[in-house]
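Asks: Sequence and predicted structure below; questions after.
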Amino acid sequence: MKFRLHRVVGNAKLTVDEFYTLLCQAEGVLNSRPLCPLSNDPDNLPVLLALPDHKLIDLSSNCLSRC
């Protein structure tokens, strides 16, 4: 985000509306990029849909609390 903002703005002074518009556009550029490599294989699920490695249900409650 910082790189995109600096590249567009440089040393220019922006109004609040111009800066907000610039932030929205930079956000759109960053959010349009995939988080993991895309595949045409239907059996190749993205990393975001992967199941956890172990079950947390079998752990005692004190292992899950923040101490």
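Replies: Nice, I can see it.

Asks: quick one: low-confidence ranges for this protein?
Replies: Scanning the chain for pLDDT under 70 picks out 45-67.

Asks: 90 - rerun?
Replies: Along the chain, segments meeting pLDDT under 90 span 1-11, 14, 22-67.

Asks: Can I get the longest helix along the chain as PDB, trimmed to CA atoms?
Replies: When the chain is scanned for its longest helix (criterion: DSSP state H), the result is helix 16-31. C-alpha atoms of helix 16-31 as PDB (Å, rounded to 0.1, in the frame of the first residue of the first chain):
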ATOM      1  CA  VAL A  16      -9.000  14.700   2.000                       C
ATOM      2  CA  ASP A  17     -11.300  13.700  -0.900                       C
ATOM      3  CA  GLU A  18      -8.400  13.100  -3.200                       C
ATOM      4  CA  PHE A  19      -6.600  11.100  -0.600                       C
ATOM      5  CA  TYR A  20      -9.700   9.000   0.100                       C
ATOM      6  CA  THR A  21     -10.200   8.300  -3.600                       C
ATOM      7  CA  LEU A  22      -6.500   7.300  -3.900                       C
ATOM      8  CA  LEU A  23      -6.800   4.900  -0.900                       C
ATOM      9  CA  CYS A  24      -9.900   3.300  -2.500                       C
ATOM     10  CA  GLN A  25      -8.100   2.800  -5.800                       C
ATOM     11  CA  ALA A  26      -5.000   1.400  -4.200                       C
ATOM     12  CA  GLU A  27      -7.200  -0.900  -2.100                       C
ATOM     13  CA  GLY A  28      -8.900  -2.100  -5.300                       C
ATOM     14  CA  VAL A  29      -5.500  -2.900  -6.900                       C
ATOM     15  CA  LEU A  30      -4.300  -4.900  -3.900                       C
ATOM     16  CA  ASN A  31      -7.500  -6.800  -3.400                       C
END
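
Asks: May I see the buried residues of that helix?
Replies: Within helix 16-31, the residues scored as buried using 16 or more other C-beta atoms under 10 Å are residue 26. Where C-beta positions appear, they are placed from N, C-alpha and C, glycine not excepted.

Asks: Quick check: which helices or strands does that helix pack against?
Replies: helix 2-9 (3 or more C-beta pairs under 8 Å, 6 or more residues apart in numbering; DSSP states H and E).
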